[in-house]
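A.B. asks: I'd like to go over a predicted model; first the sequence, then the structure.
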Amino acid sequence: MFSLDRMRALHAVAQHGSVAAAAASLHVTPSGVSQQLAKLEREAGQALLEPRGRGVRLTRAGQVLAGHAGRILAQVAQARSDLELLNEDVLGPLRLGAIPTTIHALLPPALATLAAQHPRLEVTLREGEAEQTLPQVVAGDLDIAVVESWADRPTVLPPTVTATALFSDVADLALPGTHRLAHRRAVDLAEVDDVPWIAWTAGSGCYEWLVHVLRAQQLQPKISCTVGGYPTQLALVAGNAGAALVPRLARGTPPAGVRILSTRPALSRTIVAICRAGEEDHSGIRAALDALLAASARFATGAQPVR
């Protein structure tokens, strides 16, 4: 078997053109290099060097073995680097952004995992919709954004980001308990044509999604209330102010006076973690993505990757 030291000596001669120069690059004596090369020739069973004037040159066998030596030494260096990364502390700032419906359910266990496993990681979290956080990821102001992508209105991702699908979620219909359809378990959305709607803040992606869903069912989007926060929307439904479409992740226990119905068609979304392309394996970002995936396991219902 060829030893690394002897392969390193041959590689150095091939790189520098002489035993003396190779010895200088390796910080050993020329006689030490000559001894290593002599042993390597015996192991190879072929001459690896031949005289050339006052120096030496590689034989054909020497050139072949030197080529292998270069690749072997590069692989060994990569292996050493990979092992060193295993011991590298995950530290420094990590800036997260997330949509409100994931803040209370997904982020707390993910942040707890990061705090326990990487106490030197300095995590900050800000709430924001995709239309706010995606540009901040692209600009480098956020490291990761947790956003939603509805099946019937996918979030358009710029080519400069990478998406990791976390889990899928479904939105249900919340109706006042006195509504004529409240006794149903499921309802065609097109039937809900006699009640105003409660939407997220006007101009937000959630607001635009609701309008898109209603128009797809040939319904006129008559919106009576625009408020941020699904608990508030459910409270308004309980007060007979209108109907709402509420993701299950954000619902919790609905207040008295609210009936929850499944919809036809089903309204599904994928929760996605976004980072800049090429940065998903950076230590802090990788740790955060792993923590988000672990926290997502209890919500997972077969989410598909975002393309």
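C.D. replies: Structure's in. What do you need?
A.B. asks: contacting residues around the nearest residue to residue 208 once chain neighbours are set aside?
C.D. replies: Distances taken as C-beta to C-beta, 6 or more residues apart in numbering place residue 153 nearest to residue 208, at 7.7 Å, with adjacent residues excluded. C-beta: built from backbone N, CA, C; applies to glycine. Shown in contact with residue 153 (C-beta atoms under 8 Å, 6 or more residues apart in numbering): 208-209, 212-213.
A.B. asks: Off-centre distance for the host helix or strand of residue 163?
C.D. replies: Using DSSP states H and E, the element containing residue 163 is strand 161-176. Remark: strand 161-176 is offset 17 Å from the chain centroid, using C-alpha atoms, centre = their mean, to the nearest Å.
A.B. asks: what residues does the helix or strand just after that strand touch?
C.D. replies: Where DSSP H and E defines the elements, the next helix or strand beyond strand 161-176 is strand 186-188. Strand 186-188 is contacted from outside by 173, 181, 217, 261-264, using C-beta under 8 Å, 6+ apart.
A.B. asks: any idea of the mean pLDDT in strand 186-188?
C.D. replies: Here strand 186-188 scores 96 as its mean pLDDT.
A.B. asks: elements contacting the next helix or strand along the chain from that strand?
C.D. replies: Moving toward the C-terminus from strand 186-188, the first helix or strand encountered (DSSP H and E) is strand 197-199. Applying 3 or more C-beta pairs under 8 Å, 6 or more residues apart in numbering; DSSP states H and E, one finds that strand 197-199 makes contact with helix 205-216, strand 223-226, helix 230-238, strand 244-247.
A.B. asks: got the buried residues for the third one?
C.D. replies: I take that to be helix 230-238. Of the residues in helix 230-238, 230, 233-238 count as buried by neighbour count, 16 or more other C-beta atoms under 10 Å.
A.B. asks: Quick one: distance of stretch 131-144 to the chain centre.
C.D. replies: 13 Å.
A.B. asks: quick one: low-confidence parts of the stretch 1-150 of the chain?
C.D. replies: 1, 81-89 (pLDDT under 70).
A.B. asks: picking that back up, so which of the helices and strands packed on strand 197-199 comes closest to residue 143?
C.D. replies: helix 205-216 (21.0 Å; C-beta to C-beta).
A.B. asks: Residue 123 bridge partners, please.
C.D. replies: residue 94 (DSSP bridges).
A.B. asks: which ones are touching it?
C.D. replies: Residue 123 makes contacts with 94, 96, 111, 114-115, 288, as judged by C-beta under 8 Å, 6+ apart.
A.B. asks: mind listing the helices for the stretch 1-150 of the chain?
C.D. replies: Assigned by DSSP state H, counting those that start in this stretch, the stretch 1-150 of the chain shows helices spanning 4-16, 19-26, 30-44, 60-86, 100-103, 107-117, 130-139.
A.B. asks: and residue 224, which of the ones you listed is closest to it?
C.D. replies: Taking the helices of the stretch 1-150 of the chain one by one with C-beta to C-beta, helix 100-103 is closest: 20.9 Å.
A.B. asks: Pull the residues that contact the closest one.
C.D. replies: Taking C-beta under 8 Å, 6+ apart as the rule, helix 100-103 contacts 125, 127, 129, 146, 148, 169, 228-230, 247, 249-250, 271.
A.B. asks: 6 Å instead, please
C.D. replies: 127, 146, 247, 249-250 (C-beta atoms under 6 Å, 6 or more residues apart in numbering).
A.B. asks: Including distance to residue 256 and mean pLDDT, could the helices and strands packed on strand 197-199 go into JSON lines?
C.D. replies: As requested, those are exported to JSON lines (distance: least, C-beta to C-beta, whole Å; pLDDT from 0 to 100):
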{"stretch": "helix 205-216", "distance to residue 256": "24", "mean pLDDT": "94"}
{"stretch": "strand 223-226", "distance to residue 256": "19", "mean pLDDT": "96"}
{"stretch": "helix 230-238", "distance to residue 256": "7", "mean pLDDT": "95"}
{"stretch": "strand 244-247", "distance to residue 256": "16", "mean pLDDT": "96"}
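A.B. asks: And the ones you listed: which comes nearest residue 49?
C.D. replies: helix 205-216 (69.4 Å).
A.B. asks: Give me the contacts around that closest one.
C.D. replies: In contact with helix 205-216 (C-beta under 6 Å, 6+ apart) are residues 129-131, 150, 153, 199-200, 221.
A.B. asks: Residue 159: which of those residues is nearest?
C.D. replies: Nearest to residue 159 among those is residue 130, at 16.2 Å by C-beta to C-beta.
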